[in-house]
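Chemist: sharing a sequence plus its predicted fold:
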Amino acid sequence: MFFQDNVFGRLRVGLRYKVMFLRAWLLLVCMAVSPIAGTPHSFAFPQQTSASFAQAVEAFQQGHYAEAENAARALVRQDTRDARALGLLGVILDAQKKYEEAEPFYLQALRLAPHSASLHNNLGNHYLAQGSVARARAQFLKVVEIDPGHPNANLQLAEMSIKAKDGNSALEYLSHLPESALAGPAPALLHAQALHLAGKTKEAEQALDRIAQQAGNDPRIAFSIGMVDAGWNRYAEAEEAFGQALKADPANFDIQYNLGLAALNARDFGRALDMFQAAYRQKPDDPDVLLDLARAYSGAGHDDQAIILLVKAMKLAPKRPDILLAAAQTSERLGFYVDAGNALEKYHRLKPGDDVAWRELGYVLIQTAKLDEGERILSAYVSRHPKDAQGLYELGIAESVRDKGKALAHLNAALALDPSLNGARYARAVLVAQQGKYQESIIDLRKILETEPRNTNALYSLGDDLLMVNRPAEAVKVLAQGAELAPQDPKILQRYSRALLRAGNPAEAQAIMQRFQAIRPTDAGPRPNAGLFDYLSLTPQQQRERYMGNLRRNIELNPQDLTSLTLLAKALLMEGKTAEAIEDYKKIQPLTSDPKVLAGCGRELLDAGQYGPARDFLAAAMKQAASSGEASVEDLRLDLSVAIFHGEGAADALAELDKTPASFRHGDYYLLRAQILDSMGKDSAAAADLNRGISASPTRANLYFEAALFLIKHAEYQQTIRLLDLAKRAVPGDPGLMLVEAITYEILQRFNESQKLLAEIQSRWPEWSQPYLIDGIILQNHFKQNEAKQKLETAIALGASDPRAYFYLASACLDSNPQDFPGANKAIEKGLEIAPDNAELQWQAGKIDLAEKRYGEAVDHLQAAVRLDSSLVAAHETLRATYLAMGEKDKSMAESKEIVRLKQLDAAKGTSQGPPAISAPLFTVRLPPSREAATDP
């Protein structure tokens, strides 16, 4: 896991500050209007000046800006061509941040004195003060053209070069200045940074150390030195410099905060905690402070305190990826895997391109009840990154629950790429031991212990393996080490006791067993940091109970624990363990008469397509809800009618639905009735009810969905869009309805709108294969073959089993490269494995065979296609071409006649033949299960 190596996650190395003291010092030079000692070029005064000019300068230097401005304006009024007065007024206005007023005076002065280095310099300062760095640089370059040794211009150009990471240019500008001009702190810091960027690291560090020695107690210099040290990853030195600055200004928030960051990076967690706690007292609602204080707590081993701060930070800044990632890491270390998964899902929506976090989301999910979802993510990740050892390892862990063969293959691949990946080696050791290959396991475990001698899980498993191969004396030594390192671990104590007994030491064995029995009652399941190792060392049955452990223990203690039974049944249903889930649901019904519980179970079963059991629960709920009022009963009647419709037929469903009193026949009633009537072929009545339903504002997403399908089936596309606009208000953000809308936009030839919506769906539900499939089909139809291939491959990697995925993938392969028969064949072969009776796939296979001149195989596939769908004109056309290529003219002629006959039939019906239309997949759309769709906040 990427969580285990660095408690800080992706630690920010940049420091934070409100005032750059280095820039502040440079601006002292920038804004000067009097000559700098020894350098008469910053803003030179005439040898003789008027008394009024001198008064304006004196007022400015004393900070009397209003008085200075009045005096300067008076000078300008006296002579509008006085460049010195115009320039002075510009500087005075800049000092008051009246930048818009100042600029015209600079420009007017430069028109009068275009070769004045001082005016160009001050205009550069003017632009710099506003953040217009490019315009400032242009002015400073003009300055050094006029006066190559100008101090301020060279310093500013050097600083700009440093920001651009161009140390050599910075050194060039600084070389134009005399030694005396580089003696001050600001120029000296620039020189040190330039040396560092130019690769002269040792010389740069020596220069910085000299500045620190000469700085005395000036907090500004110490702060700036700390900033530079941190930028060079010299965190211990940065910590020392910030500490020096803090002595002079102990309440300064910026110094506290940056000292905390430097200490955190230097792994001085105690000092980091002190500084961040002080910063927190000043700004308790600052997300940055909360995040970094949490990191300091985690570094000090207090994740339990860190998570409290991170929860607060997430509330204050719910869209900060770094906060979400830190919360996920901390939750994972604490064993709060569901919380970790929720944080990572939110992070992934903000950073969909971060594949490592996406991988870790999959890994976290396999440690919750969402094993299938986690495994799908990891499988898709590995398909994108087949050389990522960590991804192969984590996929192997996911697969180890159900398919140890696949798991071992991926673990072997991970170790081939990275032999030092001990997690994968341990996983392999456990799995081969479960297969009885103890010697192989022992070799792996000893290899782990060479680099991790205190790994108690490896010691435990090695001791267990040694017992299995009848080497109890060795097992005793290994397990004794484990018991010494983890004296409260009941698993190790139990094995240690057993080894002692096998080695002939019953008294010691009994003593260890007593220790085990003393702590066993408090062992309430996996410990917070048990993580992967405990998971792997369990049997398959125990692995499943890892997800359900708490629920099952509650039920064992109290078999009538209705809440735990309900949650367990739902979890089993979501994992696809339908039969087991239904057995648990059966235990629930006799225990309660609460209509809410009964209705909840019924709706869960209905969503899972278990219509018979759903009907039983919903009927019972209706009976009990009678006392709650008619509204509750009639709401349940809709669900009951859906269950009857799918389980028993349209007629029975209509009979039940029509028991609804007239006063409760609202939008949802009419939409469901329209769906039932449509299935009975009563188009006019269905259309009438559909219109009533739409006008009555339905509230259920599934009924809007079915109504949209009805409209598309009857080519009412604009009406579909209007319906979906209504649905957005009633059920905003529903994934199925968004997908229907995207397809409808495509049918209406509104490609850009369709693509935008599909991108949003894929971002919000990245684990749902259907949007990728639809997108791939649309892109292929728009001749965007390379993009189509990517989307279709993603859909397949996410578990899409629709034959169309393979049909269109094969088409995209050939359209992007007409000679890519291997890629197309691979797609078709996989598709036919899933759907051997799919006529379109058989036709596509025949087309490829014909192109590769494998005529016999082509005939087999094409005959299969027309046998499966005799009206598929395209298959007949390809078969005719195949017979013609084989020289069998009679058979080719027969196919020609059949093609003419079919086209005449199509013309009479007003239909056309071709590949599956874009609307066809719509009728097989399945919404993402609630566990997938509910990831959006």
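Modeler: Sure thing, it's come through.
Chemist: count of neighbours near residue 119?
Modeler: 26 (other Cβ atoms under 10 Å). C-betas here are computed from N, CA, C, even on glycine.
Chemist: residues contacting it?
Modeler: 83, 87, 106, 109, 110, 113 (Cβ atoms under 8 Å, 6 or more residues apart in numbering).
Chemist: ok, now how distant is the last one from residue 85?
Modeler: Okay, so that is residue 113. From residue 113 across to residue 85, the span is 12 Å (Cβ to Cβ, to the nearest Å).
Chemist: quick one, which of the two is more surrounded?
Modeler: Taking neighbours as other Cβ under 10 Å, residue 113 and residue 85 compare with residue 85 leading, 25 against 16.
Chemist: leaving aside the residues next to it on the chain, what's closest to the more buried one?
Modeler: Leaving aside its sequence neighbours, residue 85 sits nearest to residue 75 (Cβ to Cβ, 6 or more residues apart in numbering; 3.8 Å).
Chemist: and residue 458, by the same measure?
Modeler: For residue 458, ignoring the flanking residues on the chain, the nearest one in space by Cβ to Cβ, 6+ apart is residue 448 at 4.6 Å.
Chemist: separation between residue 801 and residue 775?
Modeler: Using Cβ to Cβ, residue 801 is found at 17 Å from residue 775.
Chemist: the two - which one has more neighbours?
Modeler: More crowded of residue 801 and residue 775, by other Cβ under 10 Å: residue 775, with 27 against 13.
Chemist: wouldn't the more buried one be in contact with residue 756 here?
Modeler: No: assessed by Cβ atoms under 8 Å, residue 775 is found out of contact with residue 756, at 11.3 Å.
Chemist: quick one: the strands in this protein, in order.
Modeler: Counting by DSSP state E, the chain has no strands to list.
Chemist: domain boundaries for it, per the record?
Modeler: 335-415, 771-924 (automatic domain parsing).
Chemist: and the longest helix belonging to the chain, which residues are buried?
Modeler: Longest helix in the chain, counting residues (DSSP state H): helix 889-909. By 16 or more other Cβ atoms under 10 Å, the buried positions in helix 889-909 come out as 891, 892, 895, 898, 899, 902.
Chemist: got these as CSV, with distance to residue 152 and pLDDT columns?
Modeler: Listed next are these as CSV, based on distance: Cβ to Cβ, whole Å; pLDDT from 0 to 100:
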residue, distance to residue 152, pLDDT
891, 92, 90
892, 89, 89
895, 88, 89
898, 90, 89
899, 86, 89
902, 86, 86
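Chemist: closest one of the residues you listed to residue 649?
Modeler: Using Cβ to Cβ, the shortest approach to residue 649 within the buried residues of helix 889-909 belongs to residue 902, at 33.8 Å.
Chemist: how far away is that closest one from residue 862?
Modeler: 15 Å.
Chemist: cool, residue 647 as well?
Modeler: Counting by Cβ to Cβ, the gap from residue 647 to residue 862 is 39 Å.
Chemist: coming back round to it: out of the contacts of residue 119, who's nearest residue 444?
Modeler: For the contacts of residue 119, the nearest to residue 444 is residue 106 (74.8 Å; Cβ to Cβ).
Chemist: tell me the contacts of that closest one?
Modeler: So residue 106 contacts 86, 87, 90, 119, 122, 123, 126 (Cβ under 8 Å, 6+ apart).
Chemist: please redo it, this time with the cut-off set to 10 Å
Modeler: 86-87, 89-91, 93-94, 119-120, 122-127, 139 (Cβ atoms under 10 Å, 6 or more residues apart in numbering).
Chemist: show me where the stretch 351-500 of the chain has helices.
Modeler: 355-365, 371-384, 389-399, 404-417, 422-434, 438-451, 456-468, 472-485, 490-502 (DSSP state H, counting those that start in this stretch).
Chemist: just name the most buried of those.
Modeler: A comparison of the helices of the stretch 351-500 of the chain by mean neighbour count, using mean count of other Cβ atoms under 10 Å, puts helix 389-399 on top with a mean of 26.
Chemist: relative to helix 371-384, how tilted is that one?
Modeler: Here the directions of helix 389-399 and helix 371-384 differ by 150 degrees (axes from the mean of the first three to the mean of the last three Cα atoms, to 10 degrees).
Chemist: next up, the contacts around residue 670.
Modeler: 688, 689, 690, 691, 692, 693, 694, 695, 696, 698, 703, 707.
Chemist: was I right about residue 710 contacting residue 691?
Modeler: No: using Cβ atoms under 10 Å, residue 710 makes no contact with residue 691, being 11.1 Å away.
Chemist: of the two, which one has the most company?
Modeler: Neighbours per residue, other Cβ under 10 Å: of residue 710 and residue 691, the larger number sits with residue 710, 24 against 13.
Chemist: next, count neighbours for the nearest residue in space to that one that is not next to it in sequence.
Modeler: Computed as Cβ to Cβ, 6+ apart, the closest residue to residue 710 that is not its neighbour in sequence is residue 678, at 5.5 Å. By other Cβ under 10 Å, 22 other residues sit near residue 678.
Chemist: one more: residue 560?
Modeler: Residue 560 is flanked by 11 other residues according to other Cβ under 10 Å.
Chemist: next: residue 213.
Modeler: Using other Cβ under 10 Å, residue 213 has 8 neighbouring residues.
Chemist: residue 585 now?
Modeler: Count around residue 585 with other Cβ under 10 Å applied: 25.
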